[in-house]
Every structure is written in C-alpha cells, then in structure tokens.
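A.B. asks: Structure for this input, please:
(chains A and B)
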Amino acid sequence: MSQQPPEHTRTRYRPGALEFLALGLIVLVLGQRWLVELFDVPALQTGATVFVAIMIQATPFLLLGVVLSGAIAAFVPGSFWRRVMPKNKALAVPVAGCAGALIPGCECASVPVANGLMSKGVTPAAALAFLLSAPAINPIVMVSTFVAFPGQPELVLARFLASLATAMALGWLWLKFGKSQWLRLGPRTHLIGSNSWHTFRLTASHDFLHAGGFLVIGAMAAAAINVLVPPAWMNAVADNPLLAIGAMAALAILLSICSEADAFIAASFTEFSNTAKLTFMVVGPMVDLKLISLQAGTFGRAFAARFAPTTAVVAILMSVLFGWWLLT
Amino acid sequence: MVVADMRRDVQAIILLLLGGAVLRITWTDAYLNYVREEMRPFLFLSAALLLVLGVLALVDAVRILRSDPVKVAPGLTEEERELEDDHDHGAWSTWLLLLPVLAIFLIAPPALGAYTAAREETNAIPPAEAQAPPLPPGDPVPVALGDFVGRAVWDNGLTLEGRQVQLIGFVTPNPAGGWWLARLSIACCAADAVSTKVQVEGAEEYPANTWVSVVGSWIPGGGTMSADSVPIIVADSVEVIPAPRNPYE
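C.D. replies: Residues are numbered from 1 along each chain as shown, chains lettered A, B, ... in the order given. Predicted coordinates:
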C-alpha cells in the first residue's frame, strides 16, 4: 500500500497500524522456533489448547450472533419491534424472556443480539431479559441437560424455571432501578451502509471484531483458571451444603464453559448436591468471565460492574429456591 | 501507540487471518484437538463467512483510499466521518483477535493429554444404565476406555470377568508408581475435558503421552461404586500405536 498524496489526508491514512501488524507478524514468524520452545511446558501447552478450544468453539456462535444483530440492524425496521412487543414495559420483560427459548445459541451469540435489539428501540429491560434467558433455556441446552442427567427430568425443569425466573427478575430490576447512563450504546450511524446489505455487513463485521476481542480476554482468563485451579480443591467443600453452592457458582463464573456443555460438567461433580449442580447450570450461562468481558466491551464497564454481580446473586437465590422446591 | 482507531484495512486483514486460521485447522483435522467432530460444517461456514467479510472489508478499504467515503459510510456527515474511528472505543480489543491466529499458526497447541488426565480425580461418572449389556463376542474384544471403567466400577466388573479386552489410550505416569492408560472425552470443547484412567499392570514403562493399545484382562482391586475408583487391567501385550485421528473418546 503506497503513501497517500497530501490532498487525501481526510481519508486519515495513518501509517503505523498496518505496517506495525506486518512487522510484528514477520518478527513472530522468524521467532517461531523460540515460541514453540517457550510453550513446551505441559501447563502452558494445556492453557494454550484450552484457550484455542474456547475461541474455536465460540466463533461459530459469535458469528451467528453478529449475523442476527446485523440482520436486525439492516432488515428489521424499528416499527416491527413496537408491533410485536407489548407496550407495557413490565409485560415486555417476560415476553422477551420466553423468546429466549427460541434462539439455539450460547451466550456469545446473545450479547450482540441484545445490543442490536436495544439500538432498534427495544426497551433495555426486555433486551436484557432476552440476553440472560437465550443461552440458558434454549432447546439445545435443555436437551443436553436431559442427556447429562438421565432419569432426572426434574433437574431439567428446575434449570428451565430458575433460569427464566432469574432473567425476568433482572429485567424487572432494570426497569425499577436501572439508569440509562449505565448503558453505553455506541453510536451506530457509522455502520449505516449504502444499502441494506452493506449495513448488514458493516454491523456484522463491526460487532464480531469488537466482541471477538473481549472474547479473547475471557477465553484467556478461563484457560488460566483451568490450569491454575486443581480439580481436587473442589471436592473438599462438597459436604457443606452452603459452601458447595457458593463453590459451584464461583466455578461456573471462572470456568466459562458454553451453556450447551455445562450440564455434562455439572454431572461430573458427583460429590455435590443437585441444588449445587443446578446453581452451576443457572449461573454459568448468565455470568462468567468471557460473558462479563463481552458485556463490558459491548455495553460499557459501568453496566457490567453492576449487572454481572446482581445477576450472579439473583441466579444463586433462584437456584436455591427452585432446588429446594423441586430437587429435595 | 497504535490504536485509537481501527482502520478498515486492518479490520479486513484480521478477518482474513482469522478466517484463514479457522479454515486451516478445519481442513487439516487439527480442529479435533479442540472441539467435537460435529462442529466441522459450522467451522467451514464460519471460515467462509470470515473470509467473505474480510474480502469485502478490503474492498471498502480500497474505496476509502480512492477517497470515496460516501459510498463506504453514507450514514455519516463529513465531520462525523473525520471522527468516526475516534469514538470506536473498543477498537483496541480487536487486536486481541490476533492471539488465537498466532496460537494456531505458530504454536499449534496439541490435544490435551497426560497433564490434564493426571490432574483429574473424578474417574468414573455413574452410567445411565444400571447394568451394562454383555460385551460383544471376540477375543480380545475392543472396548472404549470409558465403557471399560463404567463396567468395572459400577457393575463390579461382572461383564468383564473372564474376558480379554483391547483398550486404546495414552500413557499417563502415575505418581504413585506405574502408569495409567488414559483417555479424555469432551462434551463441547477441550475446556470441558473429563478424563478416564485405568491402572495398567504387568507392562513396561513408556514416555507420557505415548499412544498405546493394551490387550489384557480386568482384575478386581481398583475399587467399585465410587467415582474416584481407578480399575486395574493386567496387560498381556502393549503395542505403541499412532495417535488416533480424534484424540478424544
């Protein structure tokens, strides 16, 4: 790429970014042998494998999410949402919460979709209820839970109800206490293209690149936890019911496992009570490292700092409540 | 220093690199080190989508160079276009997407192995069926490691008694002596790997992560009816084999 003549400065050609990228890549390729040696330690290698695995597993789902958010931006007029969503905001929350059951994605897909909904004028409370319920109660997750816990359909029911209740509670809490300035919805005028397809493409690319970076942060954190926390620590707290629930909630947040796989992991904690396993499955799809990172990147840190802890507390309370009702 | 802004040419290149990385691991079966086989079509689709988005972003970048920004971002006024990238707050985060690309192309992290298997204490998750059906005929009969452990631990080895079995897995040194034959299984991706181990007796030592096929017979003594029981197999023969295409069971 050649240097631009001065009259083109308004296109903001700033030598640096691309050249830096090219130079960096050349240095890394030359240093590959050294890099491979550096990673020839079992713990580091395991961390790298887990990191790449989370990224590879999440990429198709994140792309599904940004394709949907792009389609919402480009092809669905704002008036559509005013027609299908109840005028009453308090009523829109459960409608959006239940709509989450229809989108077969995991949590990475739901963040850009919720963002797209908000920027089209859907009330944030409803979009947030959707954000929380979509990865938790969709059909794939329900089926995988059923498979992971053979002969225990009450666990599937408890998971469905506790997750939906948490999503709706958070939507209503936002209606009552939420402040719009906590939400940073970036201006999206720069994503309007020359036609609908162009808008679709700009929105999808932007949302993917933006959220993808935050997914990397979450995946690295989860990979580090995976290597640093010996599984044996867990079984030590299994006997104390309260500690067990707290430990499973903390583990769900730290491990950042896809909602479609977490039932199998929950089932592998054989020492724990069913309520503790339920907590793992209700908290995980709604609050975890990669999700907090994605939310902070999409909606701003002020939002994530309030929303994630509140969600975690409500999710634990709902798990205990439904666990006590359905599982004991 | 680099990025208050993320220009479209750089965006295009990151999309293309990521698409290329996904295409490469899916094409070469390396993806099986990270995720399940069922993901293959979705990974191909993802790679295609990323590459198409990348090429089109490159077209946009060329248009910007040709100073045709109206076509590229018609929703903005002249002034906003000047400022566009400056309020793209998260732009720095996009650079992080180079990390998985670099990891895939430069380090190519291998499948999880002995390190992970040795760390896990849970070994035998209770199976769905109360009692497993008899093993198919054959001598030795190939049995999946997880199936073997389930039968040994939760059926008291009833269906294994008097049978010679063939197990496939990788060598995991047992800190308490000897080695385990281990296999990992994944529900979604390698982040959720669960391990199964069998203590192998009557065999020589091999380096960690060597793939072997063990022919032998189950003996009691590894414990039953508890998730951390590790069954024992007495080996008649151990053969070093190439790693299977899909390392997970």
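
A.B. asks: Now residue A:142: closest residue in space that isn't a chain neighbour?
C.D. replies: Nearest residue to residue A:142 in three dimensions, chain neighbours excluded: residue A:156, at 6.0 Å (Cβ to Cβ, 6 or more residues apart in numbering or on different chains). Every residue, glycine included, has its C-beta placed from N, CA and C.

A.B. asks: Look up which helix or strand that neighbour falls in, please.
C.D. replies: Using DSSP states H and E, residue A:156 sits in helix A:153-177.

A.B. asks: Tell me, please, where in chain B the pLDDT is lower than the cut-off.
C.D. replies: Applying pLDDT under 70 to chain B flags residues B:1-7, B:67-91, B:128-130.

A.B. asks: what residue lies at the spatial centre of it?
C.D. replies: The centre of chain B sits closest to residue B:34, judged by Cα atoms, centre = their mean, with a distance of 2.4 Å.

A.B. asks: what's the closest non-adjacent residue to it?
C.D. replies: Using Cβ to Cβ, 6+ apart, the closest residue to residue B:34 is residue A:53 (3.8 Å).

A.B. asks: what's the neighbour count on that neighbour?
C.D. replies: 28 (other Cβ atoms under 10 Å in any protein chain shown).

A.B. asks: Same check on residue A:70?
C.D. replies: Residue A:70 has 26 nearby residues by other Cβ under 10 Å.

A.B. asks: Find the helix or strand that the residue nearest to it when sequence neighbours are not counted is a member of.
C.D. replies: Spatial nearest neighbour of residue A:70, excluding adjacent residues (Cβ to Cβ, 6+ apart): residue A:204 at 3.5 Å. According to DSSP H and E, residue A:204 maps onto helix A:196-228.

A.B. asks: for residue B:215, same thing?
C.D. replies: With DSSP H and E as the test, residue B:215 turns up in strand B:211-219.

A.B. asks: Over to residue B:172?
C.D. replies: strand B:165-173.

A.B. asks: Just the buried residues of the helix ranked longest in chain B, please?
C.D. replies: Counting residues, the longest helix in chain B under DSSP state H turns out to be helix B:40-65. Neighbour-count burial for helix B:40-65, with 16 or more other Cβ atoms under 10 Å in any protein chain shown as criterion, is recorded at B:42-44, B:46-47, B:49-51, B:53-54, B:56-58, B:60-61, B:63-65.

A.B. asks: can you give me the helices for chain B?
C.D. replies: Under DSSP H, chain B gives helices at B:8-27, B:40-65, B:69-72, B:78-83, B:91-95, B:98-102, B:114-119, B:145-154.

A.B. asks: distance between the last one and the chain's centre?
C.D. replies: Computed by Cα atoms, centre = their mean, to the nearest Å, the separation of helix B:145-154 from the middle of its chain amounts to 23 Å.

A.B. asks: Is it in proximity to chain A?
C.D. replies: No: shown here: helix B:145-154 not in contact with chain A (Cβ under 8 Å from any Cβ of the partner chain), separated by at least 11.3 Å.

A.B. asks: other SSEs contacting that helix?
C.D. replies: Here helix B:145-154 touches strand B:165-173, strand B:179-185, strand B:194-201, going by 3 or more Cβ pairs under 8 Å, 6 or more residues apart in numbering or on different chains; DSSP states H and E.

A.B. asks: Direction included, what does the first one pair up with?
C.D. replies: Taking DSSP bridges as the criterion, strand B:165-173 sits next to strand B:141-142 (parallel), strand B:179-185 (antiparallel), strand B:211-219 (antiparallel) in its sheet.

A.B. asks: so the residue nearest to residue B:34 makes contact with residue B:189?
C.D. replies: Yes: when contacts are counted by Cβ atoms under 8 Å, residue A:53 is listed as touching residue B:189 (4.1 Å).

A.B. asks: Distance of residue A:51 relative to chain B?
C.D. replies: As for residue A:51, its distance to chain B is 7 Å (criterion: Cβ to the nearest Cβ, to the nearest Å).

A.B. asks: lowest average confidence, helix or strand, in chain A?
C.D. replies: helix A:232-235 (a mean of 69; mean pLDDT, DSSP states H and E).

A.B. asks: burial of residue 92, as a residue count?
C.D. replies: If you meant another chain, say so; for now it's chain A. So residue A:92, with other Cβ under 10 Å, has 23 neighbours.

A.B. asks: To clarify, I was referring to chain B.
C.D. replies: 14.

A.B. asks: How many residues are close by the nearest residue to residue A:89 once chain neighbours are set aside?
C.D. replies: Distances taken as Cβ to Cβ, 6+ apart put residue A:123 closest to residue A:89, at 5.0 Å, once the chain neighbours are dropped. Number of residues near residue A:123 (other Cβ under 10 Å) recorded here: 22.

A.B. asks: Wait, residue A:123 touches residue A:85, no?
C.D. replies: Yes: assessed by Cβ under 8 Å, residue A:123 is found in contact with residue A:85 at 7.5 Å.

A.B. asks: what is in contact with the two at once?
C.D. replies: Listed as contacting both residue A:123 and residue A:85 by Cβ atoms under 8 Å, 6 or more residues apart in numbering or on different chains are residue A:92.

A.B. asks: Around chain B, pick out the residues from the stretch 201-328 of chain A.
C.D. replies: So the stretch 201-328 of chain A meets chain B at A:201-202, A:204-205, A:208-210, A:212-214, A:216-217, A:219-220, A:222-223, A:226, A:230-232, A:235, A:255-258, A:260-265, A:267-271, A:297 (Cβ under 8 Å from any Cβ).

A.B. asks: Next, give phi and psi for residue A:77.
C.D. replies: Dihedral pair for residue A:77: phi -70, psi 150, per degrees, to the nearest 10.

A.B. asks: Quick check: residue A:75 vs chain B, distance?
C.D. replies: From residue A:75 to chain B the distance is 16 Å (Cβ to the nearest Cβ).
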